[in-house]
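*Asks:* need a structure here:
(chains A and B)
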Amino acid sequence: MLNLTNIQGNILRGYASFPHAQFLFFEIQNADDARAFIQRLLETNAVTPALWRAKPDATLNIAFTFEGLRALGLPTESLATFPCEFQEGMKPRANELGDIDESSPEHWDDPWKTHRVHMLISIYGRTEPALAAHCQQLRDSLPNGVQELKDSQPAGLLHINGEQTRKEHFGFLDGLSNPAIEGVPDDGGRDRQDVGNPDEKGRFRKIPLGEFLLGHPGEGGEMAPMPLPHLLAHDGTYLVYRKLEQDVVRFRRYLDDQADAFARTIPGPLPDGVSPQKFLAAKMMGRWQDGSSLIEHPDAPREDRRNAFGYAGDPAGARCPLGAHVRRANPRDAFGFGGKTMSRHRLIRRGIAYGKFLPKGEEQSPQSQEKRGIIFIALNSGFDQFEFVQQKWMNFGDDFEQGNDTDPIAGNRPTIGGRQSAQMMIPGDEATGRRPFICFDIPRFVTTKGGDYFFVPSLAALGLLASGRVVA
Amino acid sequence: MADRARNQYGLGKAVTFNVITPMTRFGTLVVGVLLSIFDRFKSTQVTAKELAFLPFVHWVVVKRDSFPRVSDSQPAEDLHYDYLFFLSTFNGPWGPYIEAFADVLYKPLDLVWFWSVGYPFARPVGPLKAYIQRNQIESDHSYSAYPGASVRDVRAALELRNEVEKLFQNSGGLSPERFAVEFDRLLISVQNKLGTFGPV
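*Replies:* Residues are numbered from 1 along each chain as shown, chains lettered A, B, ... in the order given. Purely as a prediction, here's the structure:
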């Protein structure tokens, strides 16, 4: 039974119409103060549920790290029932997650580098003034025992050529494909089509709620391990927060450097409006920048956001390379077995960009030195879901017949022959005569700059935490 | 413990997996028949072979009076059960490996393990994981001939060598233009077998 008034917002449905966001980080120094603060937020209906009566101007949601729950005074009997990944947090798991070299925690931004964040409050606004007012109101209500950690993180939809867009900094339309979930009304709207997991007939079926929300049956009819007491866990979820910096100049330069060699593998001219750079970028991502799929539109983008496609008909990757980013992140039916070997590794993503878009031609300007990237937010009912995707699919290629090769966009860069780089095979296409092309020496485009693992309690569980009467 | 196979060149990609479960005499009889059917009819092994993260799966029954002794002076054990050994290696984390087994190979698992004392069935996977944890034995020693290669890497390397040797044998008198065509054909036939490999 789905109780949308108990589940926090931005989990099952995204805040698509709230283009401005601020992530605030806190340390809990006094448990009584923190509990009273949470109680006040609940009493004033400040915490946004998944279902609202009237659309607010701004939303507010709360999540805690393991240290945060400890600082709130949760008893050890309860703390011990949380998953070990959550207890450790993201920083100690840097090796497992591929956060090494430039991405290692010693190079992270504050507050991640120097502090262990206890509480994350995410505020999204329909307008910038609404967001600013809401943040100010929250800061004014902070008790002494809850300390804000610097720096808070602004984020929001990018403006490209004066238009607000859902594109990320490399120029690709983002957030196109989230899981379709059993019992949850479609979140697709005009621009999106969520799809579930493939079934044995090659169609898509909705994914059980328990893959994303604690206390509900997931794949195979099973529930994810629940921390105790059940009231604390029920309708809650686990949130992965990662600050991922994107090196736009390096990305564009790599595409430029490879363009001529790549173009030589293509027989005949490219369609109008498709440059070798755009084609190569699409092959690395697995979609055209406008979001259309390479499976449906292998030769040119068509502004087609239909998402119910599979990879089984493209086993060699002639259309979408086996190692392309989106094919790795969600392999759909690529592994056969009716999708059974991938069905337990799905994530809800609620990423949002930060920093200003770098216009074309500004690669040498001071603007190019500004920091930009994406706040990657994933939700799952166990951190093993995220860690599997990160370890096995982003930073390893064996499942995709790509050996040790890492994701061309977001993967880390192992040291090969004394250099940190990656390679990617762009398979040829016998139908068109396009020859295979190997992208060598792919530098790191995405660097981790912070993050942690959070627990997002239900509204009832927030009340329980505020009461201080948690008994495992 | 040596759950990751290794040799002198380093730690391997494959993780070893040994589960030892007790069976009654009747169970031993049934499992003996089942394993001989699996052995005789190779089509029963197709699904397991397609699971490429699974390099090796082996079932063997050791009867209660057949356990080896180091010497005659070692007293024979008085065992109440025969034992089914499930020996395997796999790539990747433990949990998803068991889940994939339960999701894809649950029929042969249930058929063979049903006769083991306390077996809970492959689905749901939670009790199966608990059962395996209780009966899993860590490896003291394991050996890998190619620690830097997964089963896919080895298969890919063998196919690549085969194709390159074919081109080598057939390209002696070819013109440069014709050779280029044949080389492109080779490249497209092995294009997804050229990933980097080595210990991770």
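*Asks:* quick one, helices of the stretch 51-200 of chain A?
*Replies:* Secondary structure of the stretch 51-200 of chain A by DSSP state H, counting those that start in this stretch: the helices cover A:66-71, A:76-79, A:84-88, A:94-97, A:128-140.
*Asks:* And those: which comes nearest chain B?
*Replies:* Of all those, helix A:94-97 sits nearest to chain B, with 9.5 Å by C-beta to the nearest C-beta. Where you see a C-beta, it was placed from the backbone N, CA and C, and this is true even at glycine.
*Asks:* Name the residues that touch that closest one?
*Replies:* For helix A:94-97, contacts defined as C-beta atoms under 8 Å, 6 or more residues apart in numbering or on different chains pick out A:90, A:100, A:103-105, A:387, A:390-391, A:448.
*Asks:* tell me the residue furthest from the middle of chain B?
*Replies:* residue B:175 (45.5 Å; C-alpha atoms, centre = their mean).
*Asks:* and if you look at chain A?
*Replies:* residue A:268 (38.1 Å).
*Asks:* which SS state does residue B:71 fall under?
*Replies:* Put simply, residue B:71 is coil when judged by DSSP: H, G, I helix; E, B strand; the rest coil.
*Asks:* now the one 3 residues further on
*Replies:* Here residue B:74 is coil, with the state taken from three-state DSSP.
*Asks:* got the contact list for it?
*Replies:* Counted by C-beta under 8 Å, 6+ apart, residue B:74 has zero contacts.
*Asks:* circling back: now the contacts of helix A:94-97: which count as buried?
*Replies:* Buried members of those, scored by 16 or more other C-beta atoms under 10 Å in any protein chain shown, are A:90, A:100, A:103, A:105, A:387, A:390-391, A:448.
*Asks:* What about those residues, which are in strands?
*Replies:* residue A:448 (DSSP state E).
*Asks:* hmm, back to that, can you redo the helices of the stretch 51-200 of chain A as JSON lines with distance to residue A:410?
*Replies:* Below are the helices of the stretch 51-200 of chain A laid out as JSON lines (distance: least, C-beta to C-beta, whole Å):
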{"stretch": "helix A:66-71", "distance to residue A:410": "26"}
{"stretch": "helix A:76-79", "distance to residue A:410": "32"}
{"stretch": "helix A:84-88", "distance to residue A:410": "20"}
{"stretch": "helix A:94-97", "distance to residue A:410": "12"}
{"stretch": "helix A:128-140", "distance to residue A:410": "28"}
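*Asks:* Please work out which of these is packed deepest.
*Replies:* Burial of the helices of the stretch 51-200 of chain A is given as mean neighbour count (mean count of other C-beta atoms under 10 Å in any protein chain shown); helix A:66-71 ranks first at a mean of 22.
*Asks:* The residue lying closest to residue A:65 once chain neighbours are set aside sits in which helix or strand?
*Replies:* Counting by C-beta to C-beta, 6 or more residues apart in numbering or on different chains, the nearest residue to residue A:65 once its immediate chain neighbours are dropped is residue A:452, at 5.3 Å. For residue A:452, the host element (DSSP states H and E) is strand A:446-456.
*Asks:* Convert the C-alpha atoms of that strand to PDB, please.
*Replies:* Below are the C-alpha coordinates for strand A:446-456, written out as PDB (Å, rounded to 0.1, in the frame of the first residue of the first chain):
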ATOM      1  CA  VAL A 446      34.400  13.600 -14.500                       C
ATOM      2  CA  THR A 447      36.000  13.900 -11.100                       C
ATOM      3  CA  THR A 448      34.400  13.200  -7.700                       C
ATOM      4  CA  LYS A 449      34.500  16.200  -5.500                       C
ATOM      5  CA  GLY A 450      32.500  15.000  -2.500                       C
ATOM      6  CA  GLY A 451      29.500  13.100  -1.300                       C
ATOM      7  CA  ASP A 452      28.100  10.600   1.200                       C
ATOM      8  CA  TYR A 453      25.500   8.000   1.800                       C
ATOM      9  CA  PHE A 454      22.200   9.200   3.400                       C
ATOM     10  CA  PHE A 455      19.100   7.700   4.800                       C
ATOM     11  CA  VAL A 456      15.900   9.400   3.900                       C
END
